[in-house]
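Asker: Attaching a predicted model along with its sequence, questions to come.
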Amino acid sequence: MKINCEYWKDYDSISGPISYCEIAAFGHKLTAEELEEIGCTEEKRKVCKTVMNFAIGDAETPQPEPAPQPVTVALPNACDSPKAVAATTVGNAEKKAVSPFFNLLVLGILAGCYIALAGALSTVVTNDLALYVGDGLSRLVGGLVFSLGLILVVIGGAELFTGNTLMVTAWLEGKISGRQLARNWTIVYFANFFGAILIAWFFYLSGVWEMNGTLIGVKSVMTANGKVGLTWTEALVRGILCNWLVCLAVWLASGSKDGVSKILCIVFPITAFVACGFEHSIANMFFIPTGILLKGEASVLAAIAPILGTDPVGAVSALANLNWNSFIFKNLIPVTIGNIIGGAMFVGTFYWSVYLRPSSRKKPQFVINLAGTLTRLFTP
C-alpha cells in the first residue's frame with residue numbers, strides 16, 4: 001500500500017519489505033498545526049497504524065503535542081503589609097530600648113553627622129539655584145538632595161531621634177517601659193546634637209561657604225535667620241508636619257525588601273518636608289549653628305547687606321536675633337516638641353491603634369502601665 005506522506009518510509013530489507021511512519025517509529029512529536037499541515041488527519045493515522053502493525057508489529061499512532069499550559073509564577077511581595085510593618089517597628093524598638101549606651105552614643109553621633117552633611121549638600125546645591133529655576137523648583141531640588149541624610153541613617157545604620165519617636169509603638173504594646181523610651185530618646189538626641197554641631201564646625205573651618213562669591217555662606221545665614229524668626233506656633237506646627245513625613249519615610253522603608261525600594265520610600269516624603277519648609281530639629285542643629293558661626297564673617301556681611309537692604313553695619317543689627325538663645329528657645333524646643341508629636345502620635349500611635357491595639361474586651365497593656373506609673377507618682 002502506497003501512502004503519500006513525507007514521513008512514510010518504504011524499503012526492502014533482508015527480511016522483506018518494511019513500511020513505517022517515521023514519526024511514530026522514533027517517537028517524534030508534532031503539534032496539531034503541523035499534523036494538519038501535512039494532511040495527517042485522524043482517519044489517515046488509523047490507516048497508517050494498520051499498515052504499520054502489519055509490517056513491523058504494534059505501533060503508536062502519532063498524536064499532537066498537548067497545548068502548553070500557562071505557568072503562574074508567584075512573585076514575592078515588594079513590601080510588607082502595614083500590619084507587618086507595625087509589628088516590625090515594635091520589634092526594632094525593643095532592640096533599641098536595650099542597646100548599650102556606647103552603641104547609642106556612637107550611632108547617634110553618626111546620625112547627626114549624616115543629617116548635617118545632607119544639610120550642607122542642600123545648601124551648596126541651592127545657594128543660587130532660585131535665580132535660574134525659581135523658588136519652587138529650587139526647594140524641590142533641595143529636598144531631593146537632603147534625602148541623602150535619612151538614606152545614610154536607614155541604609156547605613158544609625159540612631160536618629162526623630163525616627164526613634166516611633167518607639168512609642170513598643171511602649172503602647174507594653175514591650176518597653178517609659179524609662180527605656182526616655183533613656184533612648186535622651187541619649188540619641190544629645191548624640192545627634194553633637195554630630196550636627198561637629199559638621200557645622202567642620203563646614204565653617206573648611207571654607208566651603210566662601211565658594212561662589214560667599215553665596216553659600218549667605219545662604220547659610222539667611223536660612224538660619226529665617227528659622228529663628230518663626231513664631232513659637234509656626235515652629236511647633238512645622239515640626240509636627242516635618243516628622244510626620246520623616247516617620248512615614250522610616251515606616252515605608254521598614255516595609256521595603258530591597259535597597260532601591262527603601263531609598264525611593266525615603267526620597268519622596270523627605271523631599272516633601274524640605275520643599276514645604278517644615279522644621280526638623282536635628283537638621284536645625286546644623287543649619288542654625290552654621291548661620292551663627294558665619295554671620296560675623298566680613299565677606300558674608302558684605303554680600304548679605306544688599307539682600308537685607310542695608311550696609312554691613314546694618315546687617316549686623318538685622319541679624320541680631322540669630323544667636324544661641326534664639327536657636328534654643330525660639331526654634332529647637334518648639335520644633336523638638338512638634339517632631340515628637342508628629343512622629344509619636346500621628347504615625348506611631350495612629351498606626352498602632354489600627355493594626356496592633358488589643359480588642360476592646362481586653363485592657364491595653366499601656367493603660368495598665370500608665371495607671372501603675374500614675375499610682376506610684378501620686379501615692380504618698
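Answerer: Happy to help now that I have it.
Asker: so how far does stretch 139-155 reach from one end to the other?
Answerer: In terms of Cα to Cα, to the nearest Å, the two terminal residues of stretch 139-155 are separated by 24 Å.
Asker: So which bits of that stretch are buried?
Answerer: If you call a residue buried by 16 or more other Cβ atoms under 10 Å, then stretch 139-155 has these buried ones: 139-154. From N, CA and C alone the C-beta is placed, and that goes for glycine too.
Asker: How far away from the center of its chain is it?
Answerer: On the basis of Cα atoms, centre = their mean, to the nearest Å, stretch 139-155 is displaced by 10 Å from the centre of the chain it belongs to.
Asker: just stretch 202-221 next, same as before
Answerer: 30 Å.
Asker: who's in contact with that stretch?
Answerer: Contact partners of stretch 202-221, identified using Cβ atoms under 8 Å, 6 or more residues apart in numbering, comprise 116, 120, 123-124, 126-128, 286-287, 290-291, 293-295, 297, 299-300, 303-304, 307, 319, 322.
Asker: Buried subset of the residues you listed as a ChimeraX selection?
Answerer: Buried members of the contacts of stretch 202-221, defined by 16+ other Cβ under 10 Å, are picked up in ChimeraX with:
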select :116,120,123,124,126,127,286,287,290,291,293,294,295,297,300,303,304,319,322
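Asker: Pull out the buried positions in the helix ranked longest in the chain.
Answerer: Counting residues, the longest helix found in the chain (DSSP state H) is helix 178-206. For helix 178-206, burial by neighbour count (16+ other Cβ under 10 Å) applies to 180-181, 183-185, 187-189, 191-193, 195-200, 203-204.
Asker: Identify those among the contacts of stretch 202-221 that sit within helices.
Answerer: 116, 120, 123-124, 126, 286-287, 290-291, 293-294, 299-300, 303-304, 307.
Asker: Out of these, which one has the weakest pLDDT?
Answerer: Lowest pLDDT among these: Ile307, with 89.
Asker: isn't that one right up against Met222?
Answerer: Yes - between Ile307 and Met222 a contact is recorded at 7.1 Å, counting by Cβ atoms under 8 Å.
Asker: Would you state the helices of the stretch 51-200 of the chain in chain order?
Answerer: Here the stretch 51-200 of the chain has its helices, by DSSP state H, counting those that start in this stretch, at 82-97, 101-126, 130-133, 135-146, 148-151, 161-164, 168-172, 178-206.
Asker: Let's see the fifth one as CSV, backbone CA atoms only.
Answerer: Once side chains and other backbone atoms are set aside, the C-alpha atoms of helix 148-151 remain, and they are given as CSV (Å, rounded to 0.1, in the frame of the first residue of the first chain):
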residue,chain,number,x,y,z
LEU,A,148,20.8,61.7,51.5
GLY,A,149,20.7,62.2,55.2
LEU,A,150,17.9,59.7,56.0
ILE,A,151,19.2,57.3,53.3
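Asker: Would you mind pulling up the elements that that helix packs against?
Answerer: The helices and strands touching helix 148-151, judged by 3 or more Cβ pairs under 8 Å, 6 or more residues apart in numbering; DSSP states H and E, are helix 101-126, helix 232-255, helix 259-275.
Asker: so the longest one versus helix 135-146, what angle?
Answerer: Orientation check (axes from the mean of the first three to the mean of the last three Cα atoms, to 10 degrees): helix 101-126 against helix 135-146 gives 150 degrees.
Asker: go on, the second one?
Answerer: Helix 232-255 and helix 135-146 meet at an angle of 50 degrees, taking the same axes, to 10 degrees as the criterion.
Asker: what's around Gly91, how many residues?
Answerer: 15 (other Cβ atoms under 10 Å).
Asker: How about Gly309?
Answerer: 9.
Asker: swap in the one 3 residues further on?
Answerer: Other residues within reach of Pro312, judged by other Cβ under 10 Å, total 15.
Asker: Spit out the contact partners of it.
Answerer: With Cβ under 8 Å, 6+ apart, Pro312 has these contacts: Ala298, Leu301, Ala302, Ala305.
Asker: what about the stretch 1-150 of the chain, any weak spots by pLDDT?
Answerer: 1-3, 11-18, 25-27, 53-77 (pLDDT under 70).
Asker: That's all I had, so thanks and see you.
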